[in-house]
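*Asks:* Structure, please.
(2 chains)
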Amino acid sequence: MTKMNDPLLRVDDLTMMYGDRVGCKDVSFELRPGEVLGIVGESGSGKSTLLRSISAQQEPTKGSVEYQTRIDGTRDVYEMSEAQRRLLMRTDWAFVHQNPRDGLRMNVSAGANIGERLMAVGDRHYGNIRSSADNWLGKVEIASERLDDLPSTFSGGMQQRLQIARNLVTSPRLVFMDEPTGGLDVSVQARLLDLLRGLVHDLNLAVIIVTHDLAVARLLSHRLMVMQQGKVIESGLTDQVLDDPQHAYTQLLVSSILQN
Amino acid sequence: MEQTVHNAADTASAYNFAYLDEQTKRMIRRALLKAVAIPGYQVPFAGREMPMPYGWGTGGVQVTAAVIGPKDTLKVIDQGADDTTNAVSIRQFFAKTANVATTEKTAEASIIQTRHRIPEKELREDQVLVYQVPIPEPLRFLEPRETETRKMHALEEYGLMHVKLYEDIARHGHIATTYAYPVMVDDRYVMDPSPTPKFDNPKMDNMAALQLFGAGREKRIYALPPYTKVKSLDFEDHPFEVQSWDDECGMCGSHDSYLDEVILDDKGNRMFVCSDTDYCSERQDAGHRGPQHHDQPLGGPKSNPSSEKAAE
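*Replies:* The predicted structure follows:
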């Protein structure tokens, strides 16, 4: 049986090269169940490359990504068969895109969007699928009466919340988020963050969240990795990194925010 | 010079037997063999230009041309009818290029090319049913990428198909897909039965005849060998159902065939008639009569058979 303290995800010496150019280089870390890891850095620092490589969407040039599966023990995700990897990605993992249009099916109703993952793992009872979709709509604070509406009739913030519901319906243990609050206005951002924090806590989710917004990182993440030019230049507890930055770049990053 | 022209016009020897050249037929037969070996799997083939527009049955015609022999008897139906333009012209095409016998009788045919319908009469082991298919990919509705749909077939990721059915129930209260209703073939591949009404889906299951599907524009061939398990997809609480009609056929009085609605005038009068013309005329020859048959007294035994309750 797996112990609580065993890492859920272990990334070892991960390097992604685009020809001669560095995407990200020599990244290693561990993530435990229920832990939220923030990855911050400016545009082009390799955050998204790293996230894609960890989440099995882009095979890295070097290094390994090991995940503790529910039944099979710890497995290297790039050594699994494609079928196993895709099953993992749509059951135990979730990926929240910055743009909800990338993560939703815009031409089917909200209910079908949430139900898709359930049907993908073999649920064939319409009534059950519909009631869990309805239930999840409630959890992300969308009114039940919007269940049969198309996502294109939703506001940006609602689409983002719908995307989260669609991802969490199979009770994943690890969620990847790429700038989940990007493109939303401040008040909507605040509500979404509040919602995410609640869900992460209630469901004991492990999360890797990529953001350039330090406020988002401070609110959600337990630990922080700061990236610059493809490398991790500083990491540690969020408060520690943000309140007492050691690296010159982190100091610059922290001091770039307006202080109150 | 003049002689050559004369010869060509004389014997139509400018055409190879059944129009296609032998190399092309071999290529199509190879695709057919693979399709039969993997029931429900879409085999790509190098579809040729045919002397008819895409959408008129170019896929079906190529499959028929590849399997037809001089001793075959061909029947062609379009929407169940033998006498519609498409059916007549394809039948003439093969009568001319292959010099084969043609028929309108289901029982007499060895090859039946069809668009939309499976004949009402049960098919036999010595018959081949060739379907004309417009869109072979059942997942296309929700997934436009061919690379992705192929991967989904390969990995048996068919959850998406149920998303479509879910959406149907959410919008209409029942599964409103009435044609091209997706089926699971031999517990492995999800297949689009082409635009046949779902009424005919149960006939595909465990059918004695070989069923071949040709999609000319999309250049795909797939097949159901005889006695293959074909199951229509559904939900546990919304099981698969076929259409039913409150009316009977106005000509032959049939209650259990697929009926077409015919509008009679602008006063709301209509009649229902079998879509399978051969089935209907056979029944009429056997003495069955519907209320609007010309043998019947004017107005019919029951004067106004039109009912507001049309079938779905």
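*Asks:* okay, now the closest residue to chain B within the stretch 1-150 of chain A: neighbour count?
*Replies:* Using C-beta to the nearest C-beta, residue A:120 is the residue of the stretch 1-150 of chain A that sits closest to chain B, at 3.0 Å. Just so you know, the C-beta spots here come from the backbone N, C-alpha and C atoms, and that holds for glycine as well. Neighbours of residue A:120 under the rule other C-beta atoms under 10 Å in any protein chain shown: 19.
*Asks:* if I pick the closest residue in space to it that isn't next to it in sequence, what's in contact with it?
*Replies:* Residue nearest to residue A:120 in three dimensions, not counting chain neighbours: residue B:159, with 3.0 Å by C-beta to C-beta, 6 or more residues apart in numbering or on different chains. Residue B:159 is in contact with A:116-117, A:119-122, counting by C-beta atoms under 8 Å, 6 or more residues apart in numbering or on different chains.
*Asks:* again, but for residue A:212
*Replies:* Counting by C-beta under 8 Å, 6+ apart, the residues that residue A:212 touches are A:40-43, A:47, A:179.
*Asks:* Is it in a helix, a strand, or coil?
*Replies:* Secondary structure, DSSP: H, G, I helix; E, B strand; the rest coil: residue A:212 is coil.
*Asks:* then stretch A:171-184 to CSV, C-alphas only?
*Replies:* Extracted C-alpha coordinates of stretch A:171-184, given in CSV (Å, rounded to 0.1, in the frame of the first residue of the first chain):
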residue,chain,number,x,y,z
SER,A,171,-11.7,12.7,-8.7
PRO,A,172,-8.1,13.1,-10.0
ARG,A,173,-5.2,13.2,-7.6
LEU,A,174,-3.0,15.5,-9.6
VAL,A,175,-4.0,18.6,-11.4
PHE,A,176,-1.9,20.7,-13.7
MET,A,177,-2.9,24.3,-14.2
ASP,A,178,-1.5,26.7,-16.7
GLU,A,179,-2.3,30.3,-15.8
PRO,A,180,-5.8,29.4,-14.7
THR,A,181,-6.6,33.0,-13.8
GLY,A,182,-5.1,34.6,-16.8
GLY,A,183,-7.4,36.8,-18.8
LEU,A,184,-9.9,37.2,-16.0
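*Asks:* can you give me the strands in chain B?
*Replies:* Using DSSP state E, the strands of chain B run over residues B:43-44, B:73-78, B:101-102, B:111-115, B:128-132, B:183-185, B:189-191, B:210-215, B:220-224, B:230-232, B:259-263, B:270-274.
*Asks:* got it, and the stretch 151-260 of chain A?
*Replies:* Here the stretch 151-260 of chain A has its strands, by DSSP state E, counting those that start in this stretch, at A:174-178, A:206-210, A:223-228, A:231-237.
*Asks:* Indicate which one of those strands is closest to chain B.
*Replies:* strand A:174-178 (19.8 Å).
*Asks:* Tell me the backbone dihedrals of residue A:121, please.
*Replies:* Backbone torsions of residue A:121, given as degrees, to the nearest 10, read phi -100, psi 10.
*Asks:* related to what we said a few turns ago, quick check: the residue of the stretch 1-150 of chain A closest to chain B touching residue B:160?
*Replies:* Yes: using C-beta atoms under 8 Å, residue A:120 is in contact with residue B:160, at 7.5 Å.
*Asks:* biggest separation within the contacts of residue B:159, which pair?
*Replies:* A:116 and A:122 (12.4 Å; C-beta to C-beta).
*Asks:* Neighbour count: these two, which is higher?
*Replies:* Neighbours per residue (other C-beta under 10 Å) separate residue A:116 from residue A:122, with residue A:116 holding more: 24 against 9.
*Asks:* Quickly note the distance from the spatially closest residue to residue A:98 that is not a sequence neighbour to residue B:173.
*Replies:* Distances taken as C-beta to C-beta, 6+ apart place residue A:179 nearest to residue A:98, at 4.0 Å, with adjacent residues excluded. The gap separating residue A:179 from residue B:173 is 39 Å, by C-beta to C-beta, to the nearest Å.
*Asks:* which of those two has more neighbours?
*Replies:* With neighbours defined as other C-beta under 10 Å, residue A:179 and residue B:173 compare such that residue A:179 has more, 20 against 9.
*Asks:* give me every residue that touches the more buried one.
*Replies:* A:98, A:210-213.
*Asks:* Likewise for residue A:125?
*Replies:* Contacts of residue A:125 by C-beta under 8 Å, 6+ apart are B:235-237.
*Asks:* neighbour-wise, which of the residues you listed leads?
*Replies:* residue B:235 (20 neighbours).
*Asks:* So what pairs up with that residue in the strands?
*Replies:* Counting by DSSP bridges, residue B:235 is bridged to residue B:238.
*Asks:* isn't it right next to residue A:128, touching?
*Replies:* No: contact criterion C-beta under 8 Å: residue B:235 and residue A:128 do not qualify, at 9.5 Å.
*Asks:* Could you list the residues of the stretch 101-250 of chain A in contact with chain B?
*Replies:* Residues of the stretch 101-250 of chain A that fall close to chain B, judged by C-beta under 8 Å from any C-beta of the partner chain: A:105, A:107-109, A:111-112, A:115-117, A:119-122, A:124-127, A:129-130, A:147-148.
*Asks:* repeat that for 6 Å
*Replies:* Applying C-beta under 6 Å from any C-beta of the partner chain, we find that the stretch 101-250 of chain A lies next to chain B at A:108-109, A:111-112, A:115-116, A:119-120, A:124-127, A:148.
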